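K.L.:
predicted model follows, preceded by the sequence.
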Amino acid sequence: MIRICDNSDFEIIYSIINEAAEAYNGIIPEDRWKDPYMSRDELKHEIDDGVVFWGYEEADELIGVMGIQKLQELTLIRHAYVRTARQNQGVGEKLLSELRRQTDRPILIGTWADAVWAIRFYEKNGFRLVSPEEKDRLLKKYWSIPGRQVETSSVLADQKWFDLLQTKANST
């Protein structure tokens, strides 16, 4: 079952994010890794900034989470994590599909450039990498992340984003 998460899910969201983020340890730049990967304060800040978490629940246990954040004319998919033992079983795909149904706006997703498995997952689900120049512009405009993270991240977009970009280019 996929459901919206509430305040009572805070600790389990925190747990899922930090367990699954262990996959980044040794992959992302060393200066960007920390333990825990996301602190409780950071998670609270993300929620306060409008990230709404949805969860995949099985047998009354939350095993995957994914956030959605509506900003200006688009939607960001944020913090997509599945318990390590439950990865590669379709949980992330089901969450992503549900969140895509939640919006008619273009969708952007940021992830670490070296997290090739994450990039492949999003590409398999219809997203494409934006150009390096566009990536820098988007990360600075829509995300609140340090410059070093901008340097070491990628952004993927759905077809609606590329269509919007083309429409803007044609009107100038």
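P.N.:
Done, it's in.
K.L.:
where does Glu134 land on pLDDT?
P.N.:
Glu134 carries a pLDDT value of 95.
K.L.:
my bad, should have said Leu164
P.N.:
On the pLDDT scale, Leu164 gets 88.
K.L.:
again, but for Gln72
P.N.:
At Gln72, pLDDT is 89.
K.L.:
now it: phi and psi?
P.N.:
Here is the backbone geometry of Gln72 (degrees, to the nearest 10): phi 50, psi -120.
K.L.:
also Gln159?
P.N.:
The phi/psi pair for Gln159 (degrees, to the nearest 10) is phi -60, psi -30.
K.L.:
ditto for the one 4 residues further on
P.N.:
The main-chain torsion angles of Asp163 are listed as degrees, to the nearest 10 and equal phi -60, psi -40.
K.L.:
what does the biggest strand by length in the chain rub up against?
P.N.:
Secondary structure of the chain read by DSSP state E shows that its longest strand is strand 61-71. Applying CB atoms under 8 Å, 6 or more residues apart in numbering, the external contacts of strand 61-71 come out as 5, 9, 12-13, 16-17, 46, 49-57, 75-83, 86, 91-92, 95-96, 99, 102-103, 105, 142. Just so you know, the C-beta spots here come from the backbone N, C-alpha and C atoms, and that holds for glycine as well.
K.L.:
pairing partners for that strand, with directions?
P.N.:
Paired with strand 61-71 in the same sheet, following DSSP bridges, are strand 52-58 (antiparallel), strand 74-82 (antiparallel).
K.L.:
now do the same contact list for the residue nearest the centre of the chain.
P.N.:
Centroid-nearest residue in the chain: Arg78, 2.9 Å away (criterion: CA atoms, centre = their mean). In this structure, Arg78 makes contact with 46, 51, 66-69, 110, judged by CB under 8 Å, 6+ apart.
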